[in-house]
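Participant: coordinates only, no sequence provided:
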């Protein structure tokens, strides 16, 4: 006779979920959705395209967040019913299904709990990720492309919209750099712990000698911020270069010079975009990213000045944060948190949640010290 007792586990999940719901503030979320829905329904909304995009994006994000919360609540109710039916019918198959759903719900709620730790100024924004190859020749450019695919697969697994904005292909394998946007609530706060220097150690598939090769790639994560448009950039501070979009091996993607590169002369910041259909669209996308970077730079300088006045400056940019070993013992290890995986193939296929969760918890502890 089947006697399945998961009541204590379910009650514990309900307690955690209740705490999370208080932090998320579901009532406020519903009020925001009602207000934004009213704004989105205004007949003159699209008279101001920029404002319309801001309203519809905010509405979509909040609706997704509410759907996630209500979906978990429903799954908890369904799980209790499933356990009850399994016990009444003595059904081993239903009992196995209940245990599997309990494990899945535990993982989902744990991830949601981690999200409640994201309380930074821009943590709730979408993310713009830039990956640049470092030292290591063809191995480094190949590694940069592996990382790009890893984050895009992560977004795909979570059903987060992702959009590649610019790709600079290497002459040999892989990419020199790439910039892409992940449009999801808390994408920046979640993925910002991925910023830093990543290292790959493997037997190179590109060299004639059977030797271990170490290569590097840098990951930059910035938030997508509407208020960045308020950053005014004098025309004289920008050099605009227009060139033909290209794909792997230098093949032309289109026959027009639609790709745009913006160089901010005072800071040396360079932003290029080529994946939109027109030069105007690419310039607008590049300008938005440039304004975001300048706004962040301004805030970083202000924060650094405050730390300097307080006599406490720490520099952590560029620090190596994760190593990927693809020879001998297969291993991915985060050097900050100690999080490990013995399955690099799964990690490169987007299985990053454990590393991201550990990184968020590590950062929260570090901020509290």
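Facilitator: Everything's here; your move. Predicted, not measured: the structure shown is a model, and the values here were computed from it.
Participant: for residue 215, what is the enclosing helix or strand?
Facilitator: Per DSSP states H and E: residue 215 is located in strand 212-223.
Participant: list the pairing partners of that strand within its sheet, with orientation.
Facilitator: Partner strands for strand 212-223, per DSSP bridges, with pairing direction: strand 127-133 (antiparallel), strand 196-203 (antiparallel).
Participant: and the pLDDT for residue 49?
Facilitator: Residue 49 is assigned a predicted lDDT (pLDDT) of 81.
Participant: do the same with residue 256
Facilitator: According to the per-residue confidence, residue 256 scores 58 in pLDDT.
Participant: now do residue 283
Facilitator: Confidence at residue 283, expressed as pLDDT, is 86.
Participant: now do residue 2
Facilitator: In this model, residue 2 is scored at 56, pLDDT.
Participant: want to throw the strands paired with strand 212-223 into CSV with mean pLDDT, mean neighbour count and distance to residue 22?
Facilitator: Bear in mind the C-beta positions are built from the backbone N, C-alpha and C, glycine included. Supplementary listing: the strands paired with strand 212-223 in CSV, determined by pLDDT from 0 to 100; neighbours: other Cβ atoms under 10 Å; distance: least, Cβ to Cβ, whole Å:
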stretch, mean pLDDT, mean neighbour count, distance to residue 22
strand 127-133, 92, 24, 26
strand 196-203, 91, 19, 33
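Participant: would you mind putting these into CSV with distance to residue 290 alongside?
Facilitator: Formatted as CSV, the strands paired with strand 212-223 follow (distance: least, Cβ to Cβ, whole Å):
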stretch, distance to residue 290
strand 127-133, 11
strand 196-203, 22
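Participant: so residue 180 sits in a strand?
Facilitator: Yes - assessed with DSSP: H, G, I helix; E, B strand; the rest coil, residue 180 lies in a strand.
Participant: who does it form a beta bridge with?
Facilitator: Going by DSSP bridges, residue 180 is paired in beta bridges with residue 129, residue 164.
Participant: that one touches residue 147, doesn't it?
Facilitator: No - the pair formed by residue 180 and residue 147 falls short of the contact definition of Cβ atoms under 8 Å, at 11.1 Å.
Participant: neighbour count: the two, which is higher?
Facilitator: The residue with the greater number of neighbours, taking residue 180 and residue 147 and applying other Cβ atoms under 10 Å, is residue 147; the counts read 26 against 20.
Participant: other SSEs contacting the helix or strand harbouring the more buried one?
Facilitator: Taking DSSP H and E as the definition, residue 147 sits inside helix 137-157. In this structure, helix 137-157 makes packing contacts with strand 127-133, strand 162-169, strand 175-182, strand 196-203, strand 212-223, helix 344-348, judged by 3 or more Cβ pairs under 8 Å, 6 or more residues apart in numbering; DSSP states H and E.
Participant: residues in contact with that helix?
Facilitator: Contacts of helix 137-157 with the rest of the structure, by Cβ atoms under 8 Å, 6 or more residues apart in numbering, involve 129, 131-134, 136, 161-162, 164, 170, 172-178, 180, 182, 184, 191, 194, 198, 200, 202, 204-206, 213, 215-217, 219, 347-352.
Participant: any of those residues buried? List them.
Facilitator: With neighbours counted by 16 or more other Cβ atoms under 10 Å, those contain buried members at 129, 131-134, 136, 162, 170, 173-178, 180, 182, 184, 191, 194, 198, 200, 202, 204, 213, 215-217, 219, 347-348, 350-352.
Participant: near residue 329, how many other residues are there?
Facilitator: Neighbour count of residue 329, defined by other Cβ under 10 Å: 7.
Participant: show me what contacts it?
Facilitator: Shown in contact with residue 329 (Cβ under 8 Å, 6+ apart): residue 342.
Participant: can you tell me the SS state at it?
Facilitator: With three-state DSSP as the criterion, residue 329 was assigned coil.
Participant: name the secondary structure element that contains residue 185.
Facilitator: When elements are assigned from DSSP H and E, residue 185 belongs to no helix and no strand.
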